[in-house]
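J.: Sharing a model prediction with you, sequence too.
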There are 2 protein chains.
Amino acid sequence: MTAVTVAPPSPNLALNQLVDRRRAEGASLVHLAFGEARLPVLPQLAAQLAAGASRSAYGPVAGAESVRRAVAGYFTRRRLPTEPDRVMVAPGSKPLLMALQLVVPGDLLLPRPAWNSYAPQARYAGKKVFGVPVPAECGGVPAPDALRETLHRARAAGADPRLLVLTLPDNPTGTVAPPALIRDLCALARAEDLLIVSDEIYRDLVHDPDATPYLSPAEVAPERTVVTSGLSKTLGLGGWRIGVARFPSGDTGALLRDATLAAASEIWSTLAGPMQQVAEYAYAEPPEITARMRASARLHGAVARAVHRTAVEAGAVCRPPTGGFYVYPDFAPLRDRLAARGVTDSASLAARLLDDAGIVVLAGHLLGDAPQALRFKAATSLLYGDERQQHEALHAADPTRLPHIATELTRIAEGFARLTGAA
Amino acid sequence: MTAVTVAPPSPNLALNQLVDRRRAEGASLVHLAFGEARLPVLPQLAAQLAAGASRSAYGPVAGAESVRRAVAGYFTRRRLPTEPDRVMVAPGSKPLLMALQLVVPGDLLLPRPAWNSYAPQARYAGKKVFGVPVPAECGGVPAPDALRETLHRARAAGADPRLLVLTLPDNPTGTVAPPALIRDLCALARAEDLLIVSDEIYRDLVHDPDATPYLSPAEVAPERTVVTSGLSKTLGLGGWRIGVARFPSGDTGALLRDATLAAASEIWSTLAGPMQQVAEYAYAEPPEITARMRASARLHGAVARAVHRTAVEAGAVCRPPTGGFYVYPDFAPLRDRLAARGVTDSASLAARLLDDAGIVVLAGHLLGDAPQALRFKAATSLLYGDERQQHEALHAADPTRLPHIATELTRIAEGFARLTGAA
């Protein structure tokens, strides 16, 4: 029988299955390894979904004009003037990212660590992947000098990197790259003729927009930056699969849009009609949407900062989170102490946290990071409890003091202490 | 700026844009070039969609267990015993077909003509495409001798065809391959170690199931046949994007499912939760679903047969349609007469029908057919009128006598007559 090329299952997938097995065996776990913004669906969005039922025709591949107009407005309000014909909606931003990798020639440059689907998508598209370490100050972007060096080394070896993915705010580090760095990277992209894909799906979850300046690469290099986003994170709608892309200006942008549209027409047709109705409503940003985004950002910030504090108190170094709902601690300062306990790399670190403390994290090497580094990603958005508790958390003055969240935070602190031998 | 590989837009897409332009210029057109089952959404399905709003978490990539159980029941009732773990749901069957092409190595064998997305998907997956003429009796399957010959010629030239797509009932010919032919092809697939993808999205639209025996390749070669399907055609839900796949039995089947699951996790995550609720309900086949499927099949059959009759009366040869909502006439008998009018291939044939008669069809070469052949696909499901008229058509004893449908049929007959110089 025909042999099948089996890619390794997505690490989140494999981990979720392990979590399910352990729970079925009766284990009580703190699951910090899945990037889901676990919050209730706004009733207004449920009403739009129901009202969209009659949208049962295929319709335009890019999405209906009215939907694209709403999305264009969303970007325009964020200093990214946008015409509706530069917008595409899709069943999540994943298929858009996949289509872009299929239609843009050449190889891929990624920050290291990076979200775990960019690299496998590149392999499906027949691309080589070059990971470039992120700077000490933030993740989601490669350090410019390291990027230049990687690029030239790759070219010398016969590769052809043309696509650079940036993530703002970043998954996995939960940080926002500062404007000066974005400007440097855009200048480099221009000089080296790279196309930028700026994954901004966490953009509306910057914890404190007044304290954290935000510059999209599309503001600096509009002719070569595609922005992708969606409603999964901002509105807790991961399971509704609503993604968007904003294409570059100019002729290349139009060409890239047409090529992506052609790929979309063959791979998924369009975003489901009822979901387009939801998108049209949400991207117009009526007051309850804005209010929910703000409340979510505040909640994610408070809990991510609490987990960050816990990691630092346990002896890790960790970039302070400023957007999204992740922290990415580095236990390098405790390497000797951990080695004495058999923990020598990110795989054994994650395994030990699971076995000894029931804490589930995503080991750094699964995100492209150096395997020997003692780093992992923790998604802090799974700590909000059941639906009633999620509502409570959204409206609490200090959500970390709510008993159901405080208990989890204590458990994490105890788990870190056990890991390092402090308890 | 980085060059972008631009694939030609999907032919349906380009044609739809042309139709929009012509209509904007005031043309009145008979649009027969888009494979949409234009029928109203059942109110029970709209209710399920609304009830599924709370399914906002990502959930399992393959779909929830309850959904896969319903789909497994659907296949089991069709002589295809199925365990839920051999089922996957997705946002349409297109992404499933794409993922299969990405994970199965080697090149692709297609019937010629075939639905217009298989070949572009193969090119995105880096595969060569080998079209094999269909037999005189039906479409959707290659003629076995021609298949054997193509296969050996391809291998001699260094290609490695491993995947064979069959379409039952067929798009574009509207026919169902007879069981004997399916058995021959399965034997050939076994002898040559090919994996079969059986696209059965029109299965419940066999016009007269008592008169048309149906044998799925998965009944004959269960160890090497993937079946894909969905609700787009059967229930007129193209814009809701609900597709399913049933994987082969045995170890290779499990391996193929795991590989496809891994690809799905990177490319689209999962089918939207509210759509999973719709699928769970529809695949359980409560009475109103079965009734709608039967009424649709009857309507599609009556109108497709009427268009078939019209084509034959105009002098074309055409396989009588037995499933789905397409006819695929061949004007070869009128080649000389058409040549005198400047019509010498499928492109000029389709262009002349549009220009002279306002009839929009999909030229055969866009479906992989020989460009010089005088063949096209006509989708007859766009003739049912507005929503009120669609209801009327579903319940009419003879829908072809309804004034709004009869008028269109007359216009098609007049258009064919003008094309051939008979009017």
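T.: Received, thanks. Since the model is a prediction, treat every value here as computed from it, not as a measurement.
J.: Just the closest residue of the stretch 51-200 of chain A to chain B, please.
T.: residue A:53 (3.7 Å; Cβ to the nearest Cβ). Using the backbone N, CA and C atoms, a C-beta is placed for each residue, glycine as well.
J.: For that residue, which non-adjacent residue is spatially closest?
T.: Leaving aside its sequence neighbours, residue A:53 sits nearest to residue B:46 (Cβ to Cβ, 6 or more residues apart in numbering or on different chains; 3.7 Å).
J.: Test my guess that residue A:347 contacts residue A:372.
T.: No. In this structure, residue A:347 is not within contact of residue A:372 by Cβ atoms under 8 Å, at 9.8 Å.
J.: quick one: the strands in the stretch 51-200 of chain A?
T.: Assigned by DSSP state E, counting those that start in this stretch, the stretch 51-200 of chain A shows strands spanning A:87-90, A:107-112, A:129-133, A:161-167, A:195-199.
J.: Next, the buried residues of the second one.
T.: Which is strand A:107-112. By neighbour count on 16 or more other Cβ atoms under 10 Å in any protein chain shown, the buried set for strand A:107-112 is A:107, A:108, A:109, A:110, A:111, A:112.
J.: what does stretch A:211-225 give?
T.: Buried residues in stretch A:211-225 (16+ other Cβ under 10 Å): A:214, A:215, A:216, A:217, A:218, A:219, A:220, A:221, A:222, A:224, A:225.
J.: Thought residue A:229 was touching the third one, still the case?
T.: When you say that, I think you mean residue A:216. No. Between residue A:216 and residue A:229 there is no contact under Cβ under 8 Å: 10.3 Å.
J.: shared neighbours, those two?
T.: Counting by Cβ atoms under 8 Å, 6 or more residues apart in numbering or on different chains, the common neighbours of residue A:216 and residue A:229 are A:200, A:203.
J.: check contacts around the spatially most central residue of chain A.
T.: By Cα atoms, centre = their mean, the mean C-alpha position of chain A lies nearest to residue A:171, the distance being 4.1 Å. With contact taken as Cβ under 8 Å, 6+ apart, residue A:171 is in contact with A:35, A:115, A:140, A:202, A:324, A:326, A:377.
J.: go again using 10 Å as the cut-off
T.: Contact partners of residue A:171, counting by Cβ atoms under 10 Å, 6 or more residues apart in numbering or on different chains, are A:35, A:113-116, A:139-140, A:199, A:201-202, A:233, A:323-326, A:328, A:367, A:377, A:379.
J.: Can you name the residue of the stretch 101-250 of chain A nearest to chain B?
T.: Here the stretch 101-250 of chain A gets closest to chain B at one residue, residue A:239, 3.9 Å apart by Cβ to the nearest Cβ.
J.: Quick one: neighbours of that residue, just the number.
T.: 23 (other Cβ atoms under 10 Å in any protein chain shown).
J.: rewinding a little: just the contacts of residue A:171 that are near chain B?
T.: Contacts with chain B within the contacts of residue A:171, as defined by Cβ under 10 Å from any Cβ of the partner chain: A:35, A:116.
J.: Buried only: go through the contacts of residue A:171 for me.
T.: A:35, A:113-116, A:139-140, A:199, A:201-202, A:233, A:323-326, A:328, A:367, A:377, A:379.
J.: Packing partners of the helix ranked longest in chain A?
T.: Using DSSP state H, we find that the single longest helix of chain A is helix A:287-313. Helices and strands touching helix A:287-313, by 3 or more Cβ pairs under 10 Å, 6 or more residues apart in numbering or on different chains; DSSP states H and E, are helix A:43-51, helix A:273-283, strand A:326-327, strand A:376-379, helix A:387-395, helix A:403-420.
J.: Return the distance of it from the chain's centre.
T.: Centroid displacement of helix A:287-313 relative to its chain, using Cα atoms, centre = their mean, to the nearest Å, is 15 Å.
J.: Could you do stretch A:45-62 as well?
T.: That offset, for stretch A:45-62, works out to 26 Å (Cα atoms, centre = their mean).
J.: Next, the distance between the ends of that stretch.
T.: Distance between the two ends of stretch A:45-62: 21 Å, counting by Cα to Cα, to the nearest Å.
J.: Just the buried positions in it, please.
T.: Applying 16+ other Cβ under 10 Å to stretch A:45-62 flags A:45-46, A:48-50, A:52-53, A:55-62 as buried.
J.: Just list the residues touching residue A:323, thanks.
T.: Residues in contact with residue A:323 (Cβ under 10 Å, 6+ apart) are A:138, A:140, A:168-171, A:173-177, A:202-209, A:212, A:214, A:297, A:300-301, A:304.
J.: Kindly report the residues of the stretch 301-423 of chain A close to chain B.
T.: Counting by Cβ under 10 Å from any Cβ, the stretch 301-423 of chain A sits next to chain B at residue A:387.
J.: Could I get the contacting residues of the residue nearest to residue A:293 when sequence neighbours are not counted?
T.: Leaving out its chain neighbours, the residue that sits closest to residue A:293 by Cβ to Cβ, 6+ apart is residue A:204, at 4.7 Å. Residues near residue A:204 by Cβ under 10 Å, 6+ apart: A:74, A:78, A:169, A:229, A:231, A:233-235, A:285, A:289-290, A:292-294, A:296-297, A:323.
J.: now do residue A:157
T.: Remark: with contacts taken as Cβ under 10 Å, 6+ apart, residue A:157 is in contact with A:128, A:130.
J.: Next one, pLDDT for it please.
T.: At residue A:157, the model reports a pLDDT of 97.
J.: Spell out which residues are contacts of both of residue A:347 and residue A:372.
T.: Residues touching both residue A:347 and residue A:372 (Cβ under 10 Å, 6+ apart): A:364, A:365.
J.: Packing partners of the helix or strand encompassing residue A:218?
T.: Secondary structure assignment for residue A:218, by DSSP states H and E: helix A:217-220. Secondary-structure packing of helix A:217-220 (3+ Cβ pairs under 10 Å, 6+ apart): helix A:179-191, strand A:195-199, strand A:225-230.
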